[in-house]
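J.: From the sequence below, what's the structure:
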Amino acid sequence: NMSEKSAFSLYLIKSYLARQPRQCPYCGSFDNELIARRRLIIQLRKCNNCGLMFRYPKETPEYNQKYYQQDYQEGITTDMPSLETIEKWKQANFKGTPVDFTEKLNLFNLFIKNGKILDFGASWGYVSYQLSAAGYDVYGYEISKVRGGYAKKHLGVRMIESLQELEKYKECFDAIYTSHVIEHVPYPRDLFNLFLKLLKPKGKLIAFVPNCESMSQIMGHGFGMHHVLALNKEFLEPALLNQGFENTFFTSSPYNFDKIRKFAESNVKYDDKLEGDELFFVATKK
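T.: Numbering: from 1, shown residues only. Now for the predicted structure:
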């Protein structure tokens, strides 16, 4: 998408010219170092205080909001199917489609069997629909008005349409599900605070992100135009614990259901090398 790339390049140049401060978007520390580059102009910096790896130039919430309305393209997760296709997929409950959620639904179900769920970053509603079909009471939130509108109109998803509206759902949800969203959000502290506000006590955050444990993962999928944060357990676990979560659990793809079930049922800790390309984590609000 050439218009997306040129808009992004222009944003980077303006940020450099404006001498955007290099402080960490999580803890505010200026003590960070350059650890990788992409196309010379995009830096990945690592905070020596909290361990967050973040893209520089950073993104402002205003740019982020505008970008996800108009420019963001990510294949099947953002491309809304034709009406003919969506009817076929609904009849199959999405089984065998490119957005079949069965494996992740099985993981999700290990940690929460029922209740009120927020699908945060719901895109055009395919996960919300499958969660609803599995018996959960689901609300979706999506920054893109077009995709959120599609979810509402064609999949019958109850969409919360703005952050202002979302803030009203205080201590409302038994779980928040979010998949490949957190790495796009410029200020993770604010996001975790929002999740804490929305979750009931003992509610669960259940999340998937690209795993940035190794340098090859960081360079392969960790940062660039779309991903403003390169996330791993080293940063996420202390951040979540310091902000008001407990009982954190981390594993990576491919998923070992038996091991995960043992943890979910009895909090049996196990050491996982976390070498897979996708990181799955669960944290409970205190």
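J.: which residues of this protein score low on pLDDT?
T.: Applying pLDDT under 70 to the chain flags the ranges 1-2, 61-77, 270-271.
J.: most residues in a single strand of it, which one?
T.: Criterion DSSP state E: the longest strand present in the chain is strand 199-210.
J.: partners of it in the sheet?
T.: strand 173-179 (parallel), strand 278-285 (antiparallel) (DSSP bridges).
J.: nearest to Gln164, of these?
T.: Gln164 lies closest to strand 173-179 among the strands paired with strand 199-210, at 17.1 Å (Cβ to Cβ). The way it works is simple: take the backbone N, C-alpha and C, and place the C-beta from them, glycine included.
J.: ok now the longest strand of the chain, how far from the chain's centre?
T.: On the basis of Cα atoms, centre = their mean, to the nearest Å, strand 199-210 sits 11 Å off its chain's mean C-alpha point.
J.: Next: stretch 89-97.
T.: For stretch 89-97, the distance to the chain centre is 24 Å (Cα atoms, centre = their mean).
J.: okay, how far is it across that stretch, tip to tip?
T.: End-to-end distance of stretch 89-97: 7 Å, with Cα to Cα, to the nearest Å as the criterion.
J.: Residues in contact with that stretch: which ones?
T.: 81, 99-102, 126, 129-130, 133, 155 (Cβ atoms under 8 Å, 6 or more residues apart in numbering).
J.: go with 7 Å
T.: 81, 100-102, 126, 130, 133 (Cβ atoms under 7 Å, 6 or more residues apart in numbering).
J.: So which of the strands paired with strand 199-210 is nearest Asp137?
T.: strand 173-179 (8.5 Å).
J.: List the buried residues of stretch 43-63.
T.: 43-47, 50-59, 63 (16 or more other Cβ atoms under 10 Å).
J.: Just give me the closest of the residues you listed to Ala18.
T.: When the buried residues of stretch 43-63 are compared against Ala18 (criterion: Cβ to Cβ), the nearest one is Pro57, at 8.8 Å.
J.: Next up, the contacts around the closest one.
T.: 12, 15-16, 20.
J.: isn't Leu199 right up against Lys286?
T.: No. At 10.0 Å, Leu199 and Lys286 do not qualify as touching, with contact defined as Cβ atoms under 7 Å.
J.: and the two? which has more neighbours close in?
T.: Leu199 (25 against 12; other Cβ atoms under 10 Å).
J.: which residues does the nearest residue to the more buried one once chain neighbours are set aside bridge with?
T.: Closest residue to Leu199 apart from its sequence neighbours, by Cβ to Cβ, 6 or more residues apart in numbering: Lys285 at 4.4 Å. Here Lys285 shows beta-bridge partners Phe245, assigned using DSSP bridges.
J.: Distance check, Lys285 against Ser179.
T.: Distance from Lys285 to Ser179, counting by Cβ to Cβ, to the nearest Å: 19 Å.
J.: For these two, indicate the residue with more neighbours.
T.: Shown here are Lys285 and Ser179; by other Cβ under 10 Å, Lys285 has more neighbours (24 against 21).
J.: Surely that one is in contact with Ile206?
T.: No. Using Cβ under 7 Å, Lys285 is not in contact with Ile206, being 12.0 Å away.
J.: Show the subsequent helix or strand relative to the helix or strand Asn106 falls within.
T.: Using DSSP states H and E, Asn106 falls within helix 102-111. Sequence-wise, the next helix or strand downstream of helix 102-111 (DSSP H and E) is strand 116-120.
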